[in-house]
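# Quick one, fold the following:
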Amino acid sequence: MFPLGVTMENSPTNASHAVTRWSIANRVVKNHFTIAKRLVFAISLLTALGCVSTSHDHQSFVNGINGAWRNEQTGQMLYVHDRSVLFYETVLQNKELVVVRVLTSSSSGVTVRFLGLLEHWNVVLNGKDILLDRGCGAAPFKRLPSVPSELTESPFRISPSQNPVSEADAKQVADEMNRRLSVDQKLRKTSAPVEQIRDADTSNRKFLHDALEKYGWIDVRRFGPAASCTAAIFINHIGALSLESAAAPFLERDITSVPDISECYMVVLDKLRLQMGESQRFGSQICKDRRKEAVVCSLETPSLVDTRRTAVGAPPMKDYLQSYSKLLYGGRPIAIPPTDVAADFCPAQSKQ
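Model (predicted):
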């Protein structure tokens, strides 16, 4: 099995990693292709994710604030549409698009799920601006005349064809993936400057795009388990919804074929699901709660997580969390909350 340090080096301490359902694989695959096709505009993304709603429960939140907004000081941007918010902010080293799901609404604000944790938002119209308080004090956002490019992602398509690849080409791709992974891991393990990590992720994104366009998914059959696992690691680190969505059907298709690298795949799938405002299914993503204790991020039906993990050849959660804790938390226990937990008191600061 690939060491946890390789597959999970980019696991967040207050953010997360996401997925989709695959015991019902056909429906999931179609859903992910739909998402990938509709990522061009923010409104299309929210529609594709099933977030658009006219629920009266949330009208107090959306009245007057639908549209795109920017915080001039932090560069954070958001796009509000009915029950969901498309958020653009720094998550770990990279800026990512995140779907924030509005769960409940009241006169005192809204409760949302943001990257696997609950947050309470208070949003107030202030003239032409809105004041958004996520628990750290009110931050002003100015309305934008149109949806900016940062809140859109062109869809990325991975060809479903998997034509034969020469042994020489497969070796060249695998060797280059291994070289790049060594650089990636060294930067992250030595806490290199954020700019260097971002530059490496940008370079890996271009390399991976080119490889995926030329060969299709970097599968185990043609390129070997190490190269396929590395492709998943790079997608996880890059954090682009369009790339995660395009890769998801292939990860779901192959996740049971080589149990030794199932963890590489489930990390991306769990991250994608959290990034879309949902709950993860395999428990690979670790967050920090309000007390700054490590916990499993929002998890769908926790009582069934080991059943799902066993089905793809992954170790049970108890073993996984023990290994993860030894690697990153000095052996301190990592809890599996029965329900979603609240984020740090000031999440906007902790995620930068």
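# tell me, what residue is most central in the chain?
Lys271 (3.4 Å; Cα atoms, centre = their mean).
# which SSE is that residue in?
helix 262-275 (DSSP states H and E).
# right, and the helix or strand after that helix?
Counting by DSSP H and E, what follows helix 262-275 is strand 286-288.
# Pairing partners for that next one, with directions?
Each strand paired with strand 286-288, and its direction, by DSSP bridges: strand 294-296 (antiparallel).
# Which residues outside the partner strand are in contact with it?
In this structure, residues lying in contact with strand 294-296 by Cβ atoms under 8 Å, 6 or more residues apart in numbering are 13, 283, 285-289, 302, 317, 321, 325, 328-329, 332, 334-337, 341. C-betas here are computed from N, CA, C, even on glycine.
# Filter the residues you listed down to the buried ones, PyMOL style.
Buried members of the contacts of strand 294-296, defined by 16 or more other Cβ atoms under 10 Å, are picked up in PyMOL with:
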select buried, resi 13+283+285+286+287+288+289+302+317+321+325+328+334+341
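# how many other residues sit next to Leu117?
24 (other Cβ atoms under 10 Å).
# Repeat that for Ala226.
With other Cβ under 10 Å as criterion, Ala226 counts 18.
# how close does it sit to Gly116?
According to Cβ to Cβ, to the nearest Å, Ala226 and Gly116 sit 29 Å apart.
# Same question for Glu252.
With Cβ to Cβ as the criterion, Glu252 and Gly116 are 20 Å apart.
# More neighbours: which of the two?
Ranked by neighbour count (other Cβ under 10 Å), Glu252 and Gly116 place Gly116 first, with 31 against 23.
# Verify the contact between that one and Cys297 for me.
Yes. In this structure, Gly116 is within contact of Cys297 by Cβ atoms under 8 Å, at 2.9 Å.
# what residues are shared contacts of these two?
In contact with both Gly116 and Cys297: 16, 274, 280, 285, 287, using Cβ under 8 Å, 6+ apart.
# The nearest residue to Glu72 once chain neighbours are set aside: how many residues sit nearby?
Spatial nearest neighbour of Glu72, excluding adjacent residues (Cβ to Cβ, 6 or more residues apart in numbering): Lys142 at 6.4 Å. Counted with other Cβ under 10 Å, residues neighbouring Lys142 total 12.
# So what does Lys142 look like in phi/psi?
Lys142 adopts backbone torsions of phi -100, psi 140, taken as degrees, to the nearest 10.
# Going forward, count from 10.
In the new count, where the first residue is 10, that last one comes out as Lys151.
# From Ser117, how far out is it?
Applying Cβ to Cβ to Lys151 and Ser117 gives a distance of 24 Å.
# Ok, Ala147 next?
14 Å.
# so what's in contact with these two at the same time?
Joint contacts of Ala147 and Ser117 (Cβ under 8 Å, 6+ apart) are Asn131.
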